[in-house]
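Undergrad: Predicted model and sequence follow; I will ask about them next.
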Amino acid sequence: MGDMLIEVKLFAGLREAAGTGEIELELADGATAEGLLGELRKRPGMEKILTEMPIRVALNRAYVDADAKLSDGDEVALVPPISGGSQVRAKVTDGALDVAAVVAEAGHPAAGAVVMFEGRTRDVARLDYEAYAEMAEQRIAEILADCVEAHGLTGAVAEHRTGPVPLGEASVLVAVSAPHRPEAFAGAREAIDRIKAEAPVWKVEVEADGSRNRVEGTLPEADPR
């Protein structure tokens, strides 16, 4: 088998670790993006950062998976998390929720799928939500960060509304993005299930005649110490 010459561009922390913005590598014919990363891990200063930092490979200026095959003369760039890109954000608010804005914020250049969950008031005139807002925001942000790590998400954004939420309006939004749809669906499902179970938020059903019924919940488990 012959060899091929690949030009590798490095940015941000990768460039700093390597001490250069470009590297030329000789690889065997048929090598993949993962094989290229394996060769780079052998270079001084590169093993630790390439092991610990999530990396997206761009092949001829298109994002690809690790099994993408390389060809002689290809231009490869290693893209670390993009500043302002891999978005993780949680918000508790008494204002109306904007679905389009949350979906846009969760997006990412490396994402091939975005999954959106919208929880709405149904069957009753309104729901009245109360929250321990500071803790709820912190816990939701932690849940989103866990989902990003567990499912390889490229973005995760959630907003929960407090106060009165009329029939048909959104009370909670969760939007996640990922390179592929299975990860996006799984991440969104885990995020909303955990938010419902762990975030300190309570609701009361309010009927058209003004009668009120507090919705029973479950007691969260103690956090491990």
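TA: Nice, I can see it. Note that the structure is a prediction, hence the values are computed from the model and not measured.
Undergrad: what secondary structure does Lys196 sit in?
TA: helix (DSSP: H, G, I helix; E, B strand; the rest coil).
Undergrad: contacting residues around it?
TA: If you count contacts by C-beta atoms under 8 Å, 6 or more residues apart in numbering, Lys196 has none. For the C-beta atoms, the positions are set from N, CA and C on the backbone; glycine is no exception.
Undergrad: Over to Gly95?
TA: Arg161.
Undergrad: secondary structure class for it?
TA: Classification of Gly95 using three-state DSSP returns coil.
Undergrad: Report the secondary structure element holding the residue nearest to Ala158 when sequence neighbours are not counted.
TA: Once flanking residues are discounted, Ala158 sits nearest to Val174: 4.6 Å by C-beta to C-beta, 6 or more residues apart in numbering. Per DSSP states H and E: Val174 is located in strand 170-178.
Undergrad: one step back: if I look at the residue nearest to Ala158, how far off is Glu216?
TA: Separation of Val174 from Glu216 (C-beta to C-beta, to the nearest Å): 23 Å.
Undergrad: Same question for Arg189.
TA: 23 Å.
Undergrad: what do you get for Met116?
TA: 28 Å.
Undergrad: same question, Glu198
TA: From Glu198 across to Glu216, the span is 16 Å (C-beta to C-beta).
Undergrad: Neighbour count for those two, which is higher?
TA: Counted by other C-beta atoms under 10 Å, Glu198 and Glu216 do not tie: Glu198 has more neighbours, with 17 against 6.
Undergrad: can I assume the more buried one is in contact with Pro220?
TA: Yes: the pair Glu198 / Pro220 is scored as a contact, 5.4 Å apart, by C-beta atoms under 8 Å.
Undergrad: For the most centrally placed residue in the chain, give me its contacts.
TA: In the chain, the residue lying closest to the centroid (C-alpha atoms, centre = their mean) is Gly155, at 2.7 Å. Gly155 makes contacts with 85-88, 105-108, 111, 148, 175-177, as judged by C-beta under 8 Å, 6+ apart.
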